[in-house]
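Novice: Let me see the structure of the following:
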Amino acid sequence: MDERVNKYLSDILDAIVEIDEETGLRNRKFESLCNDRVYRKFVERNIGIIGEAMNQLLRIHPDINISSARKIVNTRNLVIHSYDSIDKEIIWAIIIRHLPILRLEVTKLLELH
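Specialist: Reported below is the predicted structural model:
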């Protein structure tokens, strides 16, 4: 695997792990996201990192086997460019539903190479 591919996959995994660990410390409560501005910005920043790493990854490996790759990049664009209209419920759904799937896919790709 190209060294850059490995780097971007690792960056994605690191950001997911950071979000997951911090969310676990907050007992996986939606209220934490709503009421703690620092935590919310932390999550949004890591989602931005995930999206940018995915964007770079797609440039060098457009057929990478990640199910929501394009949506991930679109979410990054939303977080970066529409920061003032981000729906907390969407961010929470990403944390609870989508990041675990992405974590499995990225882990599998890293193990294969």
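
Novice: going forward, measure contacts between C-alpha atoms and count neighbours the same way
Specialist: OK.

Novice: Flag every buried residue along stretch 4-16.
Specialist: For stretch 4-16, burial by neighbour count (16 or more other Cα atoms under 10 Å) applies to 5-6, 8-16.

Novice: actually stretch 36-55, sorry about that
Specialist: 39-40, 42-55.

Novice: Between the residues you listed, which sits nearest I66?
Specialist: Distance to I66, by Cα to Cα, is smallest for M54 among the buried residues of stretch 36-55, at 9.4 Å.

Novice: Would you agree the closest one is in contact with S67?
Specialist: No - between M54 and S67 there is no contact under Cα atoms under 8 Å: 11.6 Å.

Novice: How about the contacts made by the nearest residue to N46 once chain neighbours are set aside?
Specialist: Once flanking residues are discounted, N46 sits nearest to A15: 5.4 Å by Cα to Cα, 6 or more residues apart in numbering. Contact analysis of A15 by Cα atoms under 8 Å, 6 or more residues apart in numbering lists 46-47, 49-50.

Novice: How many residues are close by L25?
Specialist: For L25, the tally of surrounding residues (other Cα atoms under 10 Å) stands at 10.

Novice: could you check the distance from it over to R4?
Specialist: Per Cα to Cα, to the nearest Å, L25 is found 32 Å from R4.

Novice: Kindly report the same for H81.
Specialist: H81 is 26 Å from R4, by Cα to Cα.

Novice: Equivalent analysis for M54, please.
Specialist: According to Cα to Cα, M54 stands 11 Å off from R4.
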